[in-house]
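K.L.:
structure for the following, please:
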Amino acid sequence: MLNHVLVHVSIGALGDSFYEYLLKVWLQTGKTDSEAKEMYDKAVAGVEGNLLKTSRGGLKYLGEFKNGRTEAKMGHLTCFAGMKHTVLNK
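P.N.:
A predicted model of the protein is given here:
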């Protein structure tokens, strides 16, 4: 039995592929795969509500959630999340 479970949510190297493929599937099906689009939209809402933070200087960044708290850290592959959002909203 496990006594400790690590909970880590990231849009960087640990989690971006899943969300990227939801968007790709939706686009490759001519925007007809409504399930992939709905899953992507729910994920984005969760990210915006839980991981999107503002620095003391007013800059926005996507933090990482680890074991019950959001860390003020943005992984190196997280920078592509903005591009995905831009592609979706064209």
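K.L.:
so what's residue 72 closest to, chain neighbours aside?
P.N.:
Spatial nearest neighbour of residue 72, excluding adjacent residues (C-beta to C-beta, 6 or more residues apart in numbering): residue 63 at 5.7 Å. Using the backbone N, CA and C atoms, a C-beta is placed for each residue, glycine as well.
K.L.:
who's in contact with the one you found?
P.N.:
The contact partners of residue 63, taken as C-beta atoms under 8 Å, 6 or more residues apart in numbering, are 51, 52, 53, 70, 71, 72, 73, 74.
K.L.:
same check, this time on residue 8
P.N.:
14, 64, 65, 66, 67.
K.L.:
so what's it bridging to?
P.N.:
For residue 8, the beta-bridge partners under DSSP bridges are residue 66.
K.L.:
how close does it get to residue 57?
P.N.:
Distance, residue 8 to residue 57, using C-beta to C-beta, to the nearest Å: 26 Å.
K.L.:
mind telling me which residue is nearest the centre of the chain?
P.N.:
residue 11 (4.1 Å; C-alpha atoms, centre = their mean).
K.L.:
convert the C-alpha atoms of the longest helix seen in the chain to CSV, please.
P.N.:
Across the chain, the longest stretch assigned as helix under DSSP state H is helix 34-50. What follows is helix 34-50, C-alpha atoms only, in CSV (Å, rounded to 0.1, in the frame of the first residue of the first chain):
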residue,chain,number,x,y,z
SER,A,34,-16.7,17.9,-30.4
GLU,A,35,-15.5,15.5,-27.6
ALA,A,36,-11.9,16.4,-28.2
LYS,A,37,-12.8,20.1,-28.3
GLU,A,38,-14.9,19.9,-25.1
MET,A,39,-12.1,18.1,-23.3
TYR,A,40,-9.6,20.7,-24.4
ASP,A,41,-11.9,23.6,-23.4
LYS,A,42,-12.4,22.0,-19.9
ALA,A,43,-8.7,21.5,-19.5
VAL,A,44,-7.9,25.2,-20.5
ALA,A,45,-10.5,26.4,-18.0
GLY,A,46,-8.9,24.3,-15.3
VAL,A,47,-5.5,25.6,-16.2
GLU,A,48,-6.6,29.2,-16.3
GLY,A,49,-8.5,28.8,-13.0
ASN,A,50,-5.7,27.0,-11.1
